[in-house]
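# Generate coordinates for the sequence data below:
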Amino acid sequence: MESLEQWADEQYCRAAAAMLVSISPVEIIKTRPGFGQTVRGGRGSVVASPILASYDPDPDYFFHWYRDSAVVIDALRLLFEDGTVGIEALEYFGDFVRFSRSLRQLDGRALVSTPSWRAKVAPDFIKFLRTDADLAAVRGEAVSAETRVNPDGTLDISGWPRPQHDGPPLRALTLLRWARSAALDAALSAELSALLRSDLSFTARHWREPSFDIWEEEKGLHYYTLCVAAKALQEGADWLERHDEHRAAQGYRIDVDAIRRMLDDFWLSQAGHYRSRVLSSGALSTKELDIAVILAAIHAGHGADAHSVHDPRMQATLARLEDLFDALYPINRNRSAQMAPAMGRYAGDVYYSGGAYFFSTLGAAEFCFQAAAGDSAREDWIKRGDAFLATVRAFTPPSGEMSEQFDQRTGVQTSARHLAWSYASFISCIAARRVVLGMTQ
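Sure thing, here's the model as predicted:
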């Protein structure tokens with residue numbers, strides 16, 4: 001039997017090839033007869049899944065989510081840095097920047113003024129449509145608060161949860177990392193700069209406002225959204241300083257301090273974990289212990305301060321989540337001593353199997369590998385990360401296919417097939433593992 005190391009290297013290549021299918025899917029055409037739509041993937045778009053499903057039973061994920069696309073394009077950077085993907089990665093990235101910039105031209109009033117499209121919608125799908133008032137409000141900066149768009153660059157006409165405020169700061173972080181990593185030509189650098197300024201401005205203007213959480217289920221102030229906003233504005237301020245824009249940079253630093261004070265208040269001392277959300281309704285959520293907090297730490301990136309992987313409270317939150325899913329999921333019973341629990345999102349999840357997620361389990365593993373860097377307990381962290389990785393291996397077929405979930409009872413893959421986020425999570429997890437293993441050699 002091949003070692004975990006050998007399997008990880010092979011799966012890394014499989015994940016890279018599978019993820020690339022979701023980037024610029026120009027050969028894929030999606031029909032939605034109920035909505036009267038035919039959508040062709042556009043250059044620079046990133047679909048959450050390239051599988052043409054229609055909740056039959058797999059969900060329709062042929063959309064460009066702002067959040068998912070930022071995570072995927074950041075994983076593309078890692079593939080470019082290690083040579084897995086060649087110079088074509090720069091073309092993918094440039095197309096992504098241009099596609100993302102083009103979205104600012106969207107104006108929902110154009111749909112309102114041409115209501116003939118509604119006549120193409122099947123009667124039993126009308127209830128899923130956005131109202132004219134909702135569409136008319138989508139213009140200018142408000143486009144950045146959309147959760148997702150069609151991959152041909154048109155507005156999503158379905159009544160999906162909005163607004164969503166995690167996409168712009170995540171994209172800003174991705175842009176900043178690409179700018180540091182690759183030698184970009186003058187034209188692309190200028191386009192990157194324009195998009196980055198837009199995303200930073202949106203983040204600074206709207207971080208105080210309630211939005212929907214990472215799972216698009218509850219409206220409020222969310223740990224994940226605030227954490228990535230703080231990191232984007234911090235790195236954005238550094239970027240502005242290098243461009244001698246000191247006043248704007250100082251404004252962002254003031255925001256960062258305010259956000260981090262707010263994040264401190266998310267700690268629940270009696271429960272022993274960071275809460276994931278404060279709902280606009282004022283009600284308590286049953287989803288306060290949520291893997292989104294762990295994903296916030298790894299998506300925000302490296303650091304040694306509070307709310308990073310080195311924060312003891314963040315580490316305590318991971319331990320609480322590990323205990324939760326260990327007890328909750330039947331697939332975690334009687335597991336090998338070399339395996340960690342398969343991880344889900346939160347207790348009581350009912351989406352599809354309500355089960356384990358690849359990006360949740362991989363997120364826990366990456367957290368451990370990042371935490372190992374600079375920690376005196378490095379070997380213990382690596383061993384813990386490898387245990388999560390061994391769990392992922394156990395539920396990944398020889399083909400390397402990764403869906404969104406694997407069933408909490410049977411381990412069978414479920415929900416969206418070939419989820420780009422799952423592959424991106426594997427890539428970033430292994431990249432973090434390679435970094436910390438390199439430190440031990």
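
# All the strands of the stretch 151-300 of the chain, in order from the start?
211-212, 219-222, 267-268, 273-274, 277-279 (DSSP state E, counting those that start in this stretch).

# out of those strands, deepest packed?
Most buried of the strands of the stretch 151-300 of the chain, by mean neighbour count (mean count of other C-beta atoms under 10 Å): strand 273-274, with a mean of 26. C-beta: built from backbone N, CA, C; applies to glycine.

# which other residues reach it?
Residues outside strand 273-274 that contact it (C-beta atoms under 8 Å, 6 or more residues apart in numbering) are 223, 263, 266-268, 288-289, 293, 313-314, 316-317, 320-321.

# Can you list the strands that that strand pairs with?
Sheet pairing of strand 273-274 (DSSP bridges) gives strand 267-268 (antiparallel).

# Export the strands of the stretch 151-300 of the chain to a markdown table and append columns for distance to E245 and mean pLDDT.
A markdown table is the format used below for the strands of the stretch 151-300 of the chain (distance: least, C-beta to C-beta, whole Å; pLDDT from 0 to 100):
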| stretch | distance to E245 | mean pLDDT |
| --- | --- | --- |
| strand 211-212 | 27 | 98 |
| strand 219-222 | 28 | 98 |
| strand 267-268 | 34 | 98 |
| strand 273-274 | 33 | 98 |
| strand 277-279 | 33 | 97 |
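
# would a markdown table of the ones you listed with distance to L188 be doable?
Formatted as a markdown table, the strands of the stretch 151-300 of the chain follow (distance: least, C-beta to C-beta, whole Å):
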| stretch | distance to L188 |
| --- | --- |
| strand 211-212 | 30 |
| strand 219-222 | 32 |
| strand 267-268 | 41 |
| strand 273-274 | 38 |
| strand 277-279 | 37 |
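
# of those strands, which approaches A364 most closely?
The closest approach between A364 and any of the strands of the stretch 151-300 of the chain, judged by C-beta to C-beta, belongs to strand 273-274 at 13.9 Å.

# related to what we said a few turns ago, of the strands of the stretch 151-300 of the chain, which is nearest T414?
T414 lies closest, by C-beta to C-beta, to one member of those: strand 211-212, at 23.2 Å.

# For that closest one, which strands pair with it and how are they oriented?
Note on strand 211-212: by DSSP bridges, its sheet partners are strand 219-222 (antiparallel).

# For burial, what's the neighbour tally of E88?
Neighbourhood size, E88 [other C-beta atoms under 10 Å]: 10.

# For it, give me the pLDDT.
Note on E88: pLDDT of 97.

# same check, this time on the one 10 residues further on
What the model reports as pLDDT for R98 is 98.

# picking that back up, out of the strands of the stretch 151-300 of the chain, flag the one nearest S399.
strand 211-212 (33.9 Å).
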